[in-house]
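> Prediction below, plus the sequence it came from.
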Amino acid sequence: MSHRNEATAALKALSVATDSCRECPLGAYATQPVFGEGPVGAVLMVVGEQPGDKEDLLGRPFVGPSGKLFDRAVAELGWSRDKLYVTNAVKHFKYELRGKRRIHKTPAQREAEACHHWLESEMELVQPRGYIALGATAARSLLGRPVAVMKERGQWIDDETTGRRVLVTLHPSALLRGDPAQREAAWKAWLKDLSVASSLMRKAAVKQPAAKPPTRPAAGHTRRRVRMVME
């Protein structure tokens with residue numbers, strides 16, 4: 001079996017394994033886990049915060065209002081969605097009930113940390129060329145430090161420890177919650193941030209090389225997790 005096929009099979013197994021994860025309380029209350037989607041060797045891995053209500057019900061990432069806004073951006077930038085791997089830093093929906101409505105709550109840092117090994121496994125298997133962090137939770141999960149999104153948005157950040165290239169910007173939900181009078185300006189600024197990654201997408205459109213095996217050893221916990229699901 002080729003590396004690509006092995007990695008794809010491992011991702012599917014990890015997706016199933018998240019269903020029984022109780023390393024933080026969120027898994028006990030969510031409808032189901034929401035794992036990432038996209039190809040091994042994707043040009044970009046796009047990381048959000050956590051699933052929303054629609055994602056929790058459907059079991060797929062980026063299918064709610066924020067996902068539709070992201071799809072609009074992908075179309076306007078001329079990117080190919082099939083060259084993106086989309087996922088979240090936290091795999092279960094955190095919410096509070098208000099009547100019959102489930103209202104999003106930001107994951108606590110301890111919840112993001114408990115879920116981090118799943119994201120590490122995705123990164124090890126997908127091996128993208130670059131990462132887009134949508135919001136502060138995603139940025140911290142990718143860079144391992146607190147990130148001032150408004151200060152560091154719209155530029156590549158090269159992490160010397162991991163070798164990752166991370167582009168930080170707002171989560172699309174921030175645009176949806178923002179002042180309607182400022183929405184058009186916010187949209188254009190967000191597109192400008194995302195467009196920084198367009199050069200990678202253009203190169204991939206010319207030639208998409210075969211996915212390479214991981215070049216760096218993963219953390220011990222991640223290696224054990226990946227090995228377990230591939231056996």
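Yep, that arrived. Residues are numbered from 1 along each chain as shown.

> Quick check: end-to-end length of stretch 74-92?
Stretch 74-92 has an end-to-end distance of 25 Å (criterion: CA to CA, to the nearest Å).

> Okay, buried residues for it please.
Under the neighbour-count criterion of 16 or more other CB atoms under 10 Å, stretch 74-92 has Val74, Trp79, Lys83, Leu84, Tyr85, Val86, Thr87, Asn88, Ala89, Val90, Lys91, His92 buried. The way it works is simple: take the backbone N, C-alpha and C, and place the C-beta from them, glycine included.

> Same check on stretch 186-205?
Those would be Ala186, Trp187, Trp190, Asp193, Leu194, Ser195, Val196, Ala197, Leu200, Met201, Ala204, for stretch 186-205 by 16+ other CB under 10 Å.

> Now do the same contact list for the second one.
Taking CB atoms under 8 Å, 6 or more residues apart in numbering, we find Trp187 in contact with Leu175.

> can you tell me which helix or strand it belongs to?
Using DSSP states H and E, the element containing Trp187 is helix 183-195.

> same question for that helix, mean pLDDT?
Mean pLDDT, computed over helix 183-195, is 98.

> next one: stretch 53-65
97.

> Repeat that for stretch 112-131.
So the average pLDDT for stretch 112-131 ends up being 97.

> Which of the residues in that stretch are classified as buried?
So stretch 112-131, judged by 16+ other CB under 10 Å, has buried residues 112-131.

> re earlier: for the buried residues of stretch 74-92, which one is nearest Arg177?
For the buried residues of stretch 74-92, the residue nearest Arg177 by CB to CB is Asn88; the value is 17.8 Å.

> surely the closest one meets Met45?
No: between Asn88 and Met45 there is no contact under CB atoms under 8 Å: 11.1 Å.

> which neighbours do these two share?
Gly36.

> about what we covered before: export the buried residues of stretch 74-92 as JSON lines, with columns for secondary structure.
Listed next are the buried residues of stretch 74-92 as JSON lines, based on DSSP: H, G, I helix; E, B strand; the rest coil:
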{"residue": "Val74", "secondary structure": "helix"}
{"residue": "Trp79", "secondary structure": "coil"}
{"residue": "Lys83", "secondary structure": "helix"}
{"residue": "Leu84", "secondary structure": "strand"}
{"residue": "Tyr85", "secondary structure": "strand"}
{"residue": "Val86", "secondary structure": "strand"}
{"residue": "Thr87", "secondary structure": "strand"}
{"residue": "Asn88", "secondary structure": "strand"}
{"residue": "Ala89", "secondary structure": "coil"}
{"residue": "Val90", "secondary structure": "coil"}
{"residue": "Lys91", "secondary structure": "coil"}
{"residue": "His92", "secondary structure": "coil"}
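
> now for those, which pair is the farthest apart?
Within the buried residues of stretch 74-92, two members stand farthest from each other by CB to CB: Trp79 and His92, at 28.0 Å.

> What's the per-residue pLDDT of the nearest residue to Lys91 once chain neighbours are set aside here?
Excluding the flanking residues, the one nearest Lys91 by CB to CB, 6 or more residues apart in numbering is Pro33, at 4.6 Å. With respect to pLDDT, Pro33 scores 97.

> Look up the pLDDT of the spatially closest residue to Arg22 that is not a sequence neighbour for me, please.
Leaving aside its sequence neighbours, Arg22 sits nearest to Ala28 (CB to CB, 6+ apart; 6.4 Å). Turning to Ala28, the model gives it a pLDDT of 94.

> cool, Arg202 as well?
Here the pLDDT value assigned to Arg202 is 87.

> Output the helix or strand just after the helix holding Trp187 as PDB, restricted to C-alpha atoms.
Later in the chain than helix 183-195, the nearest helix or strand by DSSP H and E is helix 198-206. Extracted in PDB, the C-alpha atoms of helix 198-206 (Å, rounded to 0.1, in the frame of the first residue of the first chain):
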ATOM      1  CA  SER A 198      -2.700  32.100  -3.000                       C
ATOM      2  CA  SER A 199       0.900  31.600  -4.300                       C
ATOM      3  CA  LEU A 200       0.900  28.100  -2.800                       C
ATOM      4  CA  MET A 201      -2.400  27.300  -4.500                       C
ATOM      5  CA  ARG A 202      -1.100  28.600  -7.800                       C
ATOM      6  CA  LYS A 203       2.000  26.400  -7.600                       C
ATOM      7  CA  ALA A 204      -0.100  23.400  -6.800                       C
ATOM      8  CA  ALA A 205      -2.300  24.100  -9.800                       C
ATOM      9  CA  VAL A 206       0.700  23.800 -12.100                       C
END
